[in-house]
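In: here is a sequence together with a model predicted from it:
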Amino acid sequence: MTKVPVNLDALCAALGDPRHDTTHYVDLRTGQILSIVESSTEGEDPEPEVAEVEAHPGRYLVVPPEDSQDRFHDMEEFVEGLAEGALRTSLEKILLKSNPFREFNETVHASPQERQGWKTLRRDRIRKRAVAWLEEQGIEPAGA
């Protein structure tokens, strides 16, 4: 395995980023996370970050976006851990919808007593996925 000083917090933020117009890269030399927002303006010079990635393709590794199934499983696990009650019932109904993500988050965030539990579960799951992804790439975070 290659040791790279990857900032795991930044990698986790990149993995959990729900924006579809942003591509994240790990700089295999510095471990920094480079985020590039797609520009829809035709004919403009690319941002300096885009030029950097294109000039050194072997130096940057694309961070895959989080799989929505993984996020859905996190939501299911969170709901399963809740005590019986109105919030659990509401979240179970939300999970039956075709695209429950936004409504689930809004409902959980409206419940101060459960908000932190959800954030902790998500942080832990994304971190595990980040470390597993790095291992799949043959990368060991320096200092880990």
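Out: Received, thanks. Numbering: from 1, shown residues only.

In: show me the shaky parts of the protein.
Out: Low-confidence segments of the chain (pLDDT under 70): 40-46, 143-144.

In: could you pull out the helices in it for me?
Out: Counting by DSSP state H, the chain has these helices, from start to end: 8-15, 48-55, 68-80, 86-95, 101-109, 112-136.

In: and these: which comes nearest residue 33?
Out: With distances scored as Cβ to Cβ, the stretch of those nearest to residue 33 is helix 8-15 (4.2 Å). For every residue, glycine as well, the C-beta is placed using N, CA and C.

In: what comes into contact with that closest one?
Out: With contacts defined as Cβ atoms under 8 Å, 6 or more residues apart in numbering, helix 8-15 is touched by 24, 26, 32-33, 35, 63-66, 123, 126-127, 129-131, 133-134, 141, 144.

In: for it, buried residues please.
Out: Applying a neighbour-count criterion of 16 or more other Cβ atoms under 10 Å, one finds 8, 10-15 buried in helix 8-15.
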